[in-house]
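Enquirer: Quick one, what's the 3D model for this:
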Amino acid sequence: MVFVRTTQDQVAAAAVRVDLARWGPLLGEVLGRVAGRFRRVESRRRAGRFVRGLLAELPRVNCWTIAEQVGDRTPDGMQHLLSRASWDADGVRDDLREFVVEHLGDTDAVLVVDETGDMKKGTCSVGVQRQYTGTAGRIENSQMSVFLTYSTSRGHTLIDRELYLPKSWAGDPARRERAGVPAGTTFSTKSRQAATMIMRVLDSGAAVAWVTGDEAYGKDAAGLRDPLEAREQAYVLAVACDYRIPTAEGTARADEAAAGLRKQAWQKLSAGAGAKGRRYYDWARIPLNPPGKPGCHWVLMRRNRRTGETAFYRCYSPRRVALAELARIAGRRWTIEETFQTGKELTGLDQHQVRTWTSWYRWTTLVMLAHAFLAAARSHAAPPPQGLIPLTRNEIRHLYATLILHPAPAATAVLAWSTWRRQHQHRARTSHYQHRSQTPP
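Expert: The predicted structure is shown next:
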């Protein structure tokens, strides 16, 4: 029995060694692909160290911790990279998209759109205000952003991002200038931001079968659904239970129409694999015939087999598709939730401590590079031996950080950082005391 166990361990270790040998060149490929977007070689090399720092399993990710991890003497260089260095973050985004499509691309590609919020304490970070965020489930002082995930059977990762600029910011020139918001930037709804990102992907020539998102995007016909239909781009977008459906007697709420369906109208179908197996729901659809709109339109309904809770989707396709296909696409929306989770836990998506427009886009773009590397590495991982699950993003980052990125730091470097931190804290404390002593009682 011991011999069998040892053999299994050796087989598993050999498979991981094969993967480890691939990960270095794979990260080099994604960094090399974006190299031309940096005007100076110093910035390009620092960006590479920044991405490696994001992958280094740091308990907290910011310019200080990344700089210390990669051997810089102070965080000044990393802060310069995010704020003042000359490089094209949107160009890096475009190169990243090409890398992702090459490594994860498939004919079943789905674009998933969603937003996420980062809690903030002050009022100076670009775009921050009191607003509802699903991250907290309530109205909070937060910064909102819209993301696009590229999702296939081979994996999923972020490929585009837009920072949401509320009307309170868009209409305040002085505030915009302090935060470095470009002069031509105007207010745009999240749905229109989503449409802009999706059109960038379609214009790039990447094959996209479907688009999906939650009801914040499904309810906006002019902002998202109409532009998608104009491009004959199929979609499955969630809508609220009070979405109006035309009937012979007029219009009815979606939940009322669902309650009136016959039992035979519902089919038990899978929404895809979950952590505990296939996710089965009862599904039904009602065909629509909106005037002046070609193609096939439906309202799709998903009913929980245990609780009876029902969700609704507005669907479009240039051609007829089976109910099972609509159910499969509706079930793919979870991939952006997992992408947000792993992006925050593994690569610091929500840990940025930046205030300006440029720094936010640069931090987020470099985080997306790190996450895309993990997604590509997972898609190319060798099949696991019997008795093991495939390598996860979490495990890949742990192995990469532990076995490749973490040489023992020299004592002089550790001590130098201790000195720098205490000097910085001394200056901050001195400045604070001087300010208080000059403030009249």
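Enquirer: does Arg130 have beta-bridge partners, and which?
Expert: Asn141 (DSSP bridges).
Enquirer: Return the set of residues that bridge with the residue most central in space within the chain.
Expert: Among the residues of the chain, the one closest to the centroid is Leu158, at 4.2 Å (C-alpha atoms, centre = their mean). The partner list for Leu158 in beta bridges (DSSP bridges) reads Thr149.
Enquirer: That one touches Gly343, doesn't it?
Expert: Yes. Taking C-beta atoms under 8 Å as the definition, Leu158 is a contact partner of Gly343 at 6.4 Å. In short, each C-beta sits where N, CA and C put it, glycine included.
Enquirer: sorry, back to before: show the contacting residues for the residue nearest to the centre of the chain.
Expert: Leu158 is in contact with Phe147, Leu148, Thr149, Tyr150, Thr339, Gly343, Met368, His371, Ala372, counting by C-beta atoms under 8 Å, 6 or more residues apart in numbering.
Enquirer: Only the buried subset of these, as a PyMOL command please.
Expert: Entered in PyMOL, the line below selects the buried ones among the contacts of Leu158, by 16 or more other C-beta atoms under 10 Å:
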select buried, resi 147+148+149+150+339+343+368+371+372
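Enquirer: Going by distance to Lys167, which of the contacts of Leu158 wins?
Expert: Minimum distance to Lys167 across the contacts of Leu158 is 21.2 Å, recorded for Phe147 (C-beta to C-beta).
Enquirer: From Glu338, how far off is the closest one?
Expert: For Phe147, the distance to Glu338 equals 13 Å [C-beta to C-beta, to the nearest Å].
Enquirer: and Thr185, what helix or strand is that in?
Expert: Assigned by DSSP states H and E, Thr185 falls within no helix or strand.
Enquirer: Contact partners for it?
Expert: Residues counted as contacts of Thr185 (C-beta under 8 Å, 6+ apart) are Leu165, Ala170, Arg176, Trp357.
Enquirer: do Arg49 as well
Expert: Arg49 sits next to Ile66, Val70, Gly71, Asp72 when contact means C-beta under 8 Å, 6+ apart.
Enquirer: give me that answer again for 7 Å
Expert: Shown in contact with Arg49 (C-beta atoms under 7 Å, 6 or more residues apart in numbering): Val70.
Enquirer: average pLDDT across the helix or strand containing it?
Expert: In the assignment (DSSP H and E), Arg49 maps to helix 41-54. Mean pLDDT, helix 41-54: 96.
Enquirer: Repeat that for stretch 267-278.
Expert: Stretch 267-278 carries an average pLDDT of 86.
Enquirer: what's the pLDDT at Glu309?
Expert: pLDDT recorded at Glu309 is 95.
Enquirer: ditto for Val414
Expert: pLDDT at Val414 comes out at 62.
Enquirer: Would you mind listing where the chain has pLDDT under the threshold?
Expert: For the chain, the stretches with pLDDT under 70 are 1-15, 248, 407-417, 419-420, 432-433, 435-441.
Enquirer: try 50 this time
Expert: 1-5 (pLDDT under 50).
Enquirer: buried residues in the helix holding Arg49?
Expert: Neighbour counts over helix 41-54 (16+ other C-beta under 10 Å) mark Ser43, Arg44, Arg46, Ala47, Gly48, Arg49, Phe50, Val51, Arg52, Gly53, Leu54 as buried.
Enquirer: I'd like the distance between the second one and Asn62.
Expert: If I follow you right, that is Arg44. As judged by C-beta to C-beta, Arg44 and Asn62 stand 21 Å apart.
Enquirer: what's the answer for the last one, then?
Expert: Distance from Leu54 to Asn62, counting by C-beta to C-beta: 11 Å.
Enquirer: try the first one
Expert: From Ser43 over to Asn62 the distance is 19 Å, taken as C-beta to C-beta.
Enquirer: do the same with Asp350
Expert: The gap separating Asp350 from Asn62 is 12 Å, by C-beta to C-beta.
Enquirer: Just give the closest residue to Lys293, not the sequence neighbours.
Expert: Closest residue in space to Lys293, ignoring its immediate chain neighbours: Glu229 at 6.6 Å, by C-beta to C-beta, 6 or more residues apart in numbering.
Enquirer: Return the residues in contact with the one you found.
Expert: Counting by C-beta under 7 Å, 6+ apart, the residues that Glu229 touches are Lys293, Gly295, Tyr316.
Enquirer: make it 10 Å
Expert: Residues near Glu229 by C-beta atoms under 10 Å, 6 or more residues apart in numbering: Ala221, Tyr235, Pro290, Lys293, Pro294, Gly295, His297, Tyr316, Ser317, Pro318.
Enquirer: So which residues of this protein form strands?
Expert: With DSSP state E as the criterion, the chain has strands at 110-119, 129-133, 138-152, 155-163, 210-213, 235-239, 244-247, 250-253, 267-274, 277-288, 296-303, 310-317.
Enquirer: tell me the most buried of the ones you listed?
Expert: Highest mean neighbour count among the strands of the chain (mean count of other C-beta atoms under 10 Å): strand 210-213, with a mean of 26.
Enquirer: Tabulate the CA atom coordinates of that one in PDB.
Expert: Below are the C-alpha coordinates for strand 210-213, written out as PDB (Å, rounded to 0.1, in the frame of the first residue of the first chain):
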ATOM      1  CA  TRP A 210     -23.300  35.000 -26.900                       C
ATOM      2  CA  VAL A 211     -23.400  37.900 -24.500                       C
ATOM      3  CA  THR A 212     -25.000  37.600 -21.000                       C
ATOM      4  CA  GLY A 213     -25.400  39.700 -17.900                       C
END
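Enquirer: What strands line up against it, and which way round?
Expert: Applying DSSP bridges to the sheet, strand 210-213 is found paired with strand 110-119 (parallel), strand 235-239 (parallel).
Enquirer: so how far is that strand off the chain centroid?
Expert: Relative to its chain's centre, strand 210-213 lies at 14 Å (C-alpha atoms, centre = their mean, to the nearest Å).
Enquirer: what is in contact with Leu54 and Asn62 at once?
Expert: By C-beta under 10 Å, 6+ apart, Leu54 and Asn62 have these common neighbours: Gly348, Gln351, Trp363.
Enquirer: Contact partners for the second one?
Expert: For Gln351, the contacting residues are Leu54, Leu58, Arg60, Val61, Asn62, Thr65, Asp118, Lys344, Trp363, Val367, taking C-beta under 10 Å, 6+ apart as the criterion.
Enquirer: give me every residue that touches the fifth one.
Expert: So the one you mean is Asn62. Counting by C-beta under 10 Å, 6+ apart, Asn62 touches Gly53, Pro75, Met78, Gln79, Gly348, Gln351, His352, Gln353, Val354, Trp363.
Enquirer: hang on, isn't the fifth one packed against Gln69?
Expert: No. Between Gly348 and Gln69 there is no contact, the gap being 11.9 Å when judged by C-beta atoms under 10 Å.
Enquirer: Overlap of the contact sets of these two?
Expert: Counting by C-beta under 10 Å, 6+ apart, the residues touching both Gly348 and Gln69 are Gly53, Leu54, Leu55, Leu58, Val61.
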